[in-house]
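[1] how would this look folded up:
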Amino acid sequence: MDRGIPTEAVLAEMRQSQPPIYYLVGTPKGRLSQYEQRLLEQPWQGVREGVRVKLLPQAGQRYVLAQSTDRVNKERAIHRRQLKRLWQRLQDLRSRKLKPDALLLKLGSAQHQWPAAWRLVSVRVPKARQPVNRQTFSFALRRDKLREVRRREGRYLLRSNLRPEDPARLWQFYVQLTQVEAAFKDLKDDLRLRPIFHRLERRIEAHIFVAFLAYCLHVSLRAQLRTHAPGLTPRSVLEKFAAMQRVNVHFPTTDGRELVFRRYTQPEKDQQMLLAQLGWQLPPQSPPQITAKGELMED
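    Down below sits the predicted model:
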């Protein structure tokens, strides 16, 4: 996976282990420079609309270069937006009267705020004891770096020691890994299932089963939203309906018992619209119950 990429030593140990340990990991973009020329010689293979891959066997491993049209558009938009804002910031700094130390602090802040664009700009700063002016402080676009970044936008490199020679198959395996990672993220974030430590096996199995059921409901909700409300996410829907509550209203009677109404709060307008969009209907309100000796009577 892209996070926590194993080191070269770890991967080498995995390749040599007995029984064999297989891996499929993302590779830093810097490695593209090492294999870019050889990859250019390999043919592209379509995986699905907007996605294509190519394979390069190398020293007991297989490198898969993937390119996604959607990812190209996303990364290009990010670079364009960051570069525009960074350029405006540099022009603003050049028009102000600043001391060298203040200029360096503001440039450091700009670099931290727009890191992707910073690599595309060459900045010349005043030397020691030089004033800040247009002669000592200048900046220019690194066109060679920009062309390199544009060429690599939307591309990512995978590495594996799995047997399939079909790069499309390896890419599909990697997509499945990302889906598994997303599932664990949903369990920890959206469903708020934090680690609970058990000692008995039946409790461990019960915990896993409940977590799996919650995830199935989460996936089902996502599928319905994709059809009926594509602009919404499961998290936003859960947050929206979390405002609805169920309450018990108690009314004392003359004989010492209590009449109990179990009611859920009426949905607001935006909740009603969401219910209608999804084709859902709330269940009818529960009938009133009366207590007997301090306990609710069964229906």
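
[2] okay, and for this protein, where does confidence drop off?
    By pLDDT under 70, the low-scoring segments of the chain are 1-6, 8, 164, 186-187, 190-195, 293-299.

[3] geometric centre of it: which residue is closest?
    Nearest residue to the geometric centre of the chain (CA atoms, centre = their mean): A182, 7.6 Å.

[4] assumed that residue was part of a helix.
    Yes. Assigned with DSSP: H, G, I helix; E, B strand; the rest coil, A182 falls within a helix.

[5] torsion angles phi and psi at the closest residue to F241 other than its chain neighbours?
    Nearest non-adjacent residue to F241, counting by CB to CB, 6 or more residues apart in numbering: Q271, 6.6 Å away. Heads up, the C-betas are built off the backbone N, CA and C, glycines and all. Q271 has phi and psi values of phi -70, psi -40 when expressed as degrees, to the nearest 10.

[6] correct me if wrong: Q271 contacts E239.
    No. With contact defined as CB atoms under 8 Å, Q271 does not reach E239; the gap is 11.2 Å.

[7] what is the burial count for N161?
    If you count neighbours by other CB atoms under 10 Å, N161 ends up with 16.

[8] correction: the previous question concerned A110.
    By other CB under 10 Å, 20 other residues sit near A110.

[9] strands along the stretch 1-150 of the chain, start to end?
    For the stretch 1-150 of the chain, the strands defined by DSSP state E, counting those that start in this stretch occupy 24-27, 45-48, 51-58, 61-68, 121-124, 138-141.

[10] who touches the fourth one?
    Contacts with strand 61-68, where a contact means CB atoms under 8 Å, 6 or more residues apart in numbering, come from 11, 15, 27, 32, 35, 39, 42, 44, 47, 50-57, 154-162, 165, 167, 170-171, 174.

[11] how far does it sit from the chain's center?
    21 Å (CA atoms, centre = their mean, to the nearest Å).

[12] tell me the angle that strand makes with strand 51-58.
    Strand 61-68 runs at 160 degrees relative to strand 51-58, counting by axes from the mean of the first three to the mean of the last three CA atoms, to 10 degrees.

[13] partners of strand 61-68, with directions?
    Using DSSP bridges, strand 61-68 pairs in its sheet with strand 51-58 (antiparallel), strand 155-160 (antiparallel).

[14] pick the most buried one from those.
    With neighbours taken as mean count of other CB atoms under 10 Å, the strands paired with strand 61-68 reach their highest mean count in strand 155-160, at a mean of 20.

[15] for that strand, which outside residues touch it?
    For strand 155-160, contacts defined as CB under 8 Å, 6+ apart pick out 2, 11, 22-29, 31-32, 35, 61-67, 71, 170-171, 173-174.

[16] cool, and stretch 248-258?
    The set of residues external to stretch 248-258 that reach it, using CB under 8 Å, 6+ apart, is 259-263, 290-292.

[17] which residue packs closest to A168, ignoring adjacent ones?
    Spatially, and ignoring its direct neighbours in sequence, A168 is nearest to V47 (4.7 Å; CB to CB, 6+ apart).

[18] coming back round to it: out of the strands of the stretch 1-150 of the chain, deepest packed?
    strand 61-68 comes out most buried of these by mean count of other CB under 10 Å, with a mean of 21.

[19] which among the contacts of stretch 248-258 end up buried?
    The neighbour-count test (16 or more other CB atoms under 10 Å) marks 260, 291 as buried among the contacts of stretch 248-258.

[20] show me the two of the contacts of stretch 248-258 that sit farthest apart.
    Maximum pairwise distance among the contacts of stretch 248-258 (CB to CB): 20.9 Å, between R263 and A292.

[21] how many residues are close by L90?
    Burial measure for L90: 18 neighbouring residues, criterion other CB under 10 Å.

[22] mind listing what it touches?
    Taking CB under 8 Å, 6+ apart as the test, what L90 contacts is 110, 121, 123, 139.
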